[in-house]
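# what follows is a predicted protein model with its sequence.
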Amino acid sequence: MLEEVAASPDPLSAPEIAQRAGVNRATAWRLLGTLEHFDLIERDPHSGRYTVSYGAVRLSMATNFSALVRRARPTLQWLAAKTDGSAFLEVASRGRLVVLDEARAASPVLVDLAGMDIPLHCGSIGKLYLATLAEDELARYLEAPLEAPTKYTVADPATLRSQLTECRQTGVAVNYKEHREEWCGISSAVRDRAGRDLAYVNVTLPTYRWTEPALRALEEPLRAAAHEIEDRIYNQPRE
């Protein structure tokens, strides 16, 4: 039944799921309740229709990052070509950010994040991740001294909180020379249907190319890439 829900481009009603799965309605209701209990599907309270939940997608991606990389790869390549920068795909795992894939533009942009441990508050993806934390988790992070690799690093908790509020409102985050002065980056989240973060996409450019017009020009393709990856994950083109 979970496969039927996942394969459908549109939310399904319980009778539709029962018919497609070849079970009677009573069995369908019982199994749907179990799947919903374990956060594998979710029921829209207004329409009563079912879709794959955050839990199912998260479980799939957590156990098989190669599937996420495979689906996101064409979009990542497009993003690198569109922005003439380095495009990265990352996920959060146990409080750390993991680089899953990278695509580079035709012109060399010497940005290599492989194996690099970047403090969360020093990177645009890290800020997006921090913005998703519960208040007690965020407070614990901010209680510790915040490392400042460069003079541009935002190491003041109050200022960082303000930035995180903006991240929640805009859906993007910026790193202006906060980890390495020769790099700047902008990131957006890849989200599930409930608006929760699944992964992150990033474009990084050398500082000499970083201007306000350049930053504004990056936002549209970055958001488009994040939305396209979401569609690829759910096998559902966006209208």
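Done, it's in.
# so the closest residue in space to Thr83 that isn't next to it in sequence bridges to which residues?
Counting by C-beta to C-beta, 6 or more residues apart in numbering, Val203 is the residue found nearest to Thr83 once chain neighbours are left out, at 5.0 Å. In this view, the C-beta of every residue, glycine as well, is placed from N, C-alpha and C. Residues in a beta bridge with Val203, per DSSP bridges, are Ala87, Ile186.
# before we move on, what about Val52?
Ile41.
# what sits against Tyr124?
No Tyr there; residue 124 is Ser. For Ser124, the residues meeting the contact criterion (C-beta atoms under 8 Å, 6 or more residues apart in numbering) are 172-175, 185-187, 202.
# quick one: which of those residues has the most company?
With neighbours taken as other C-beta atoms under 10 Å, the top of these is Asn202, carrying 29 neighbours.
# check it and give its pLDDT.
Asn202 is assigned 95 on the pLDDT scale.
# what distance do you get for it to Arg73?
Using C-beta to C-beta, to the nearest Å, Asn202 is found at 15 Å from Arg73.
# next: Ala155.
When Ala155 is compared with Arg73 (using C-beta to C-beta), they lie 35 Å apart.
# now for the helix or strand containing Arg168, which elements pack on it?
Under the criterion of DSSP states H and E, Arg168 resides in helix 157-170. Packed against helix 157-170 by the contact rule (3 or more C-beta pairs under 8 Å, 6 or more residues apart in numbering; DSSP states H and E) you find helix 124-132, helix 135-143.
# reformat those helices as TSV; add mean pLDDT and distance to Ala105.
Below are the helices and strands packed on helix 157-170 laid out as TSV (pLDDT from 0 to 100; distance: least, C-beta to C-beta, whole Å):
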stretch	mean pLDDT	distance to Ala105
helix 124-132	94	18
helix 135-143	93	33
